[in-house]
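> Give me a model of this one.
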Amino acid sequence: MKDDKKKQYQRKAKRVPSSAEKLQAMLSMRGLPAALVEKVIIELFQEQERDDRGLYRVTHEAARAQTQCKRSTVVDELSATELRRLLTYGEVSVASMSKTVLPLLKLEEDDVFYDLGCGTGKVVVQAALETPCRVSRGIELMQNRVVEGQRALERLKKKQLDDYSTKDVCIVQGDICQPPPEAPMTDATVVFINNVCFGPELMLRVMDMLECMPKLKRVVTLRKLCERHRENKCARGGNLCTSYVHPPQESEIHVSWADKTSVYLYERVNQPVQERVNQPVRELAVKLQFNSDDLED
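Now for the predicted structure:
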């Protein structure tokens with residue numbers, strides 16, 4: 001009898017959870033803590049962390065050899081120098097992504113997130129780990145960068161995190177002006193673009209692509225969509241920059257190519273483009289009518 005009571009009240013030794021289980025528990029709470037994310041990303045991208053010179057060294061030969069995919073005329077017509085500039089590599093720091101960029105993106109569970117020109121896909125991975133967003137996709141023109149990203153995704157998959165396993169995360173090679181079928185872009189709700197090295201023609205085409213995303217809510221960029229925006233003038237010209245609230249919200253972040261740079265949040269305007277084009281005309285008509293009424297009085 002005494003032995004039975006002893007067994008009944010005997011405390012069981014606490015089982016120490018494994019590191020994978022700790023990760024799983026944290027991920028279940030709407031994403032991993034920012035402090036842990038950086039360590040995980042270093043582990044996932046270990047080859048890049050040890051030696052990333054190959055990503056930055058873009059010769060004329062490498063530029064052509066590594067971009068052998070279905071390309072748009074915008075990219076095909078670039079000169080060798082313009083293509084090299086477009087492929088210049090640079091990253092936002094993991095800390096700045098956690099502290100500044102992800103809060104701007106405001107990703108929710110039902111969002112479809114795209115990083116256009118994603119490099120090795122660190123932003124794509126970080127969004128999947130640190131936010132509840134269930135669909136995170138990256139498109140990159142350079143094949144060697146895509147290989148690094150896909151290797152990282154394989155490592156992440158092996159961690160067997162239950163919450164992550166239900167997410168749709170991919171990094172694919174492609175031209176953002178002619179997206180691949182695995183990442184069609186038309187389903188995007190939130191977009192991130194490191195457009196520092198995008199030329200004027202490419203940016204105009206990117207704006208066209210954004211306009212074809214019916215569910216798009218916001219875009220975060222590293223250069224302004226319209227450097228000299230004037231609401232009425234841009235609306236009269238039918239410029240697609242009027243699809244967004246101006247001025248954009250501006251913040252400061254740390255990047256690999258400079259100490260600091262700006263990042264811009266553009267919220268989508270729900271009003272159709274044609275209505276925005278006609279708005280200044282209607283405003284002028286109302287103003288003229290108001291002045292006419294004053295004269296009659």
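> show me where this protein has strands.
112-116, 135-140, 168-173, 190-193, 218-221, 249-253, 261-267 (DSSP state E).
> how about the ones you listed in JSON lines, adding mean neighbour count and mean pLDDT?
All C-beta spots, glycine's among them, are computed from the backbone N, C-alpha and C. Supplementary listing: the strands of the chain in JSON lines, determined by neighbours: other Cβ atoms under 10 Å; pLDDT from 0 to 100:
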{"stretch": "strand 112-116", "mean neighbour count": "25", "mean pLDDT": "99"}
{"stretch": "strand 135-140", "mean neighbour count": "26", "mean pLDDT": "98"}
{"stretch": "strand 168-173", "mean neighbour count": "20", "mean pLDDT": "98"}
{"stretch": "strand 190-193", "mean neighbour count": "26", "mean pLDDT": "99"}
{"stretch": "strand 218-221", "mean neighbour count": "24", "mean pLDDT": "98"}
{"stretch": "strand 249-253", "mean neighbour count": "14", "mean pLDDT": "98"}
{"stretch": "strand 261-267", "mean neighbour count": "19", "mean pLDDT": "98"}
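> Let me have the ones you listed in TSV, extended by distance to P33.
As requested, the strands of the chain are exported to TSV (distance: least, Cβ to Cβ, whole Å):
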stretch	distance to P33
strand 112-116	20
strand 135-140	18
strand 168-173	19
strand 190-193	21
strand 218-221	22
strand 249-253	19
strand 261-267	22
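> Tell me which of those lies nearest to M97.
When these are ranked by proximity to M97, the top entry is strand 249-253, at 8.0 Å, counting by Cβ to Cβ.
> can you list contacts of that closest one?
Among residues not part of strand 249-253, those counted as contacts by Cβ atoms under 8 Å, 6 or more residues apart in numbering are 92-93, 96-97, 100-101, 104, 260-265.
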